[in-house]
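Trainee: Below is the sequence, then the predicted model.
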Amino acid sequence: MPVGDILSLLMFASFILLIFSGFPVAWVLGGLAVLFTAIGIVLKVDFSLPVEMDWDYSFLVVDRIWDVMNNWVLVALPMFIFMGLMLDRSGVAQRLMENLVKLFGNVKGGMAVTVAVIGILLSATTGIIGASVVLLALLGLPQMLDRGYEPELATGTVCAVGTLGILVPPSIMLVLMADRLAIPVGDLFLGALFPGLLLGGLFVVFILVYAYLNPEAAPVPEEQEPITLKLVWDVLLSVMAPAGLIVAVLGSIFFGIATPTEAAGVGAFGALLLALWNKRLDYSVLTSVLQETTRTTAYIFAIFLGATAYSLVLRGLGGDELIEGLLRGLPFGPTGIIIAILFFTFLIGFFLDWIEITLIILPLVSPVVIHLGFDLVWFTVLFAVCLQTSFLTPPVGFAIFYLKGVAPDSIPVTTIYKGVIPFILLQLLGLVMIFVWSDIATWLPSQAY
């Protein structure tokens, strides 16, 4: 085996092992890039081994990092993060919860359906999984438990619906993917819209069917306010605020009025106005949201810079050629290779965060997908659904631990694990549907352009 291939495998294995050490991921990525650059240079200069690594190549890291920080597309990240966090503080979700509970109160599983509908609406306005899960848990989980809902159904609903924000546009994950693959963000936003709504629809159907077959798991309250025109009007009014923000952000992108970066600014300003309109905006709220936005943005960009250096060094050692050769050497046809990539992505999602997988794994496998002749938007949406599933799969299912942090002490983490299993299966079903019927992801982009 060539020396470069051995170093590539060692570099990747070291990353997997060091993830469990507790060191910050950005430091692990950057440190490994420096270490294996030094090893490659020593082996080539001092031992004259055939390694494609020298001082001139190592200088490319600085140029690549400069290109990353000079990318206007990434300016959308902090503004989308600000939009999501400010919307959580605006009181919009609370008003939605109060009105939708009255509307769906007489339906079996109506409280869980309410949480799902709110999650679907909020998924188009925030891509912060932690904020979405915590908000839905604080608003809906106590009410579901008080009404006698099965803890597994209640916790599974909150976790699963809370993860939709990472897939439904505008999503910070899609922004990162578009940057890594050099494809328009608008294409990915359009391609992910129907798949995200498909998953949300599957969740709602499952809740209704499960509640119908197991009435004791989602009981209907004995006393419920009758549905009136005033109630329907209140629901419409409460829906108009997030719907208006969605139209302002996604509509301006889809109709070519604004770039994703400009639309992110519109969304951030719109969330600010909603908080002001609901009298939830003050100095402490603004300061808190700005600080949280800064921390989240710094966390993502630190990993971004470390992953940029790591990927460049791995490519210099021949890692991309090694992976491409391994994938093409699989005893499957083109479709089988895509399935193998998605299966591998699903497995590593048990242990790695979506940011590392997006920044490291996706750029390595995308050349193979392009070479096989598949639509890159379609594949990227499939990849994104796999990463969304990783938020629910143990042992590193972040949505599970976000929920555990705010759930009552009476709910153990094992209950949450049991609750998310049906929703993981539903996400895999959605993945299969998008795989089989590719138009779900490709029709809207083809019509828009």
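Mentor: Thanks, I have it.
Trainee: quick one: the helices in the stretch 201-350 of the chain?
Mentor: 229-246, 252-254, 260-277, 283-316, 319-328, 334-348 (DSSP state H, counting those that start in this stretch).
Trainee: Please convert those helices to CSV, extending it with mean pLDDT.
Mentor: What follows is these, written out as CSV (pLDDT from 0 to 100):
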stretch, mean pLDDT
helix 229-246, 76
helix 252-254, 76
helix 260-277, 84
helix 283-316, 83
helix 319-328, 73
helix 334-348, 87
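Trainee: so which of those helices gets nearest Phe398?
Mentor: Comparing the helices of the stretch 201-350 of the chain against Phe398 with C-beta to C-beta, the closest turns out to be helix 283-316 (12.9 Å). (Glycine included, C-beta is placed from N, CA and C.)
Trainee: got the buried residues for the closest one?
Mentor: 289, 292-293, 296-297, 300-316 (16 or more other C-beta atoms under 10 Å).
Trainee: That one relative to helix 260-277, how many degrees between them?
Mentor: Using axes from the mean of the first three to the mean of the last three C-alpha atoms, to 10 degrees, the inter-axis angle of helix 283-316 relative to helix 260-277 is 160 degrees.
Trainee: Against which helices or strands is helix 283-316 packed?
Mentor: helix 3-19, helix 25-45, helix 60-69, helix 76-89, helix 172-181, helix 354-356, helix 362-371 (3 or more C-beta pairs under 8 Å, 6 or more residues apart in numbering; DSSP states H and E).
Trainee: count of neighbours near the nearest residue to Lys108 once chain neighbours are set aside?
Mentor: Closest residue to Lys108 apart from its sequence neighbours, by C-beta to C-beta, 6 or more residues apart in numbering: Ala211 at 4.1 Å. Here the count is done by other C-beta atoms under 10 Å, and Ala211 has 24 residues near it.
Trainee: ok, now how distant is Ala211 from Gly405?
Mentor: Between Ala211 and Gly405 the computed distance is 27 Å (C-beta to C-beta, to the nearest Å).
Trainee: Could you do Val209 as well?
Mentor: For Val209, the distance to Gly405 - C-beta to C-beta - is 30 Å.
Trainee: what do you get for Phe255?
Mentor: In terms of C-beta to C-beta, Phe255 sits 40 Å off from Gly405.
Trainee: Then Gly430?
Mentor: Taking C-beta to C-beta, one finds Gly430 at 27 Å from Gly405.
Trainee: Need phi/psi at Ala258.
Mentor: phi -140, psi 150 (degrees, to the nearest 10).
Trainee: returning to what we had before: tabulate the helices of the stretch 201-350 of the chain (a markdown table), appending distance to Val369.
Mentor: Listed next are the helices of the stretch 201-350 of the chain as a markdown table, based on distance: least, C-beta to C-beta, whole Å:
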| stretch | distance to Val369 |
| --- | --- |
| helix 229-246 | 30 |
| helix 252-254 | 24 |
| helix 260-277 | 23 |
| helix 283-316 | 17 |
| helix 319-328 | 9 |
| helix 334-348 | 7 |
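Trainee: The ones you listed: which one's closest to Ala38?
Mentor: Per C-beta to C-beta, nearest to Ala38 of the helices of the stretch 201-350 of the chain: helix 283-316, 10.1 Å.
Trainee: OK, contacts around the spatially most central residue of the chain?
Mentor: Centroid check for the chain by C-alpha atoms, centre = their mean gives Ile166 as the closest residue, at 2.6 Å. Applying C-beta atoms under 8 Å, 6 or more residues apart in numbering, we find Ile166 in contact with 127, 129, 172-173, 354, 384, 387-388, 391.
Trainee: could those be laid out in TSV, adding neighbour count?
Mentor: TSV is the format used below for these (neighbours: other C-beta atoms under 10 Å):
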residue	neighbour count
Gly127	25
Ile129	24
Ile172	26
Met173	23
Trp354	21
Ala384	27
Leu387	26
Gln388	29
Phe391	27
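Trainee: Does Leu352 lie in a helix or a strand, and which?
Mentor: Using DSSP states H and E, Leu352 falls within no helix or strand.
Trainee: what's the burial count for it?
Mentor: So Leu352, with other C-beta under 10 Å, has 21 neighbours.
Trainee: ditto for the one 10 residues further on
Mentor: Leu362 has 21 neighbours, counted by other C-beta under 10 Å.
Trainee: Gly325 now?
Mentor: 12.
Trainee: Worst mean pLDDT among the helices and strands packed on helix 283-316?
Mentor: Ranked by mean pLDDT, these bottom out at helix 60-69, which scores a mean of 71.
Trainee: Which residues does it contact?
Mentor: Residues contacting helix 60-69 (C-beta under 8 Å, 6+ apart): 33, 37, 74, 301, 304-305, 308-309, 312-313.
Trainee: now with 10 Å?
Mentor: Contacts with helix 60-69, where a contact means C-beta atoms under 10 Å, 6 or more residues apart in numbering, come from 30, 33-34, 37, 74, 179, 301, 304-313, 315-316.
Trainee: got the CA coordinates for it in PDB?
Mentor: Output of helix 60-69 as PDB, limited to C-alpha atoms (Å, rounded to 0.1, in the frame of the first residue of the first chain):
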ATOM      1  CA  LEU A  60      -2.200  26.300   0.500                       C
ATOM      2  CA  VAL A  61      -3.900  26.000   3.900                       C
ATOM      3  CA  VAL A  62      -3.600  29.700   4.500                       C
ATOM      4  CA  ASP A  63      -5.100  30.500   1.100                       C
ATOM      5  CA  ARG A  64      -7.900  28.000   1.500                       C
ATOM      6  CA  ILE A  65      -8.800  29.400   5.000                       C
ATOM      7  CA  TRP A  66      -8.800  32.900   3.500                       C
ATOM      8  CA  ASP A  67     -11.200  31.800   0.800                       C
ATOM      9  CA  VAL A  68     -13.500  30.400   3.400                       C
ATOM     10  CA  MET A  69     -13.600  33.500   5.500                       C
END
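Trainee: just the angle between that helix and helix 25-45, please?
Mentor: Using the same axes, to 10 degrees: helix 60-69 against helix 25-45 is 150 degrees.
Trainee: Report the inter-axis angle for helix 60-69 versus helix 172-181.
Mentor: Going by the same axes, to 10 degrees, helix 60-69 makes 140 degrees with helix 172-181.
Trainee: can you tell me how far Arg95 sits from Thr297?
Mentor: For Arg95, the distance to Thr297 - C-beta to C-beta - is 28 Å.
Trainee: actually Thr414, sorry about that
Mentor: 35 Å.
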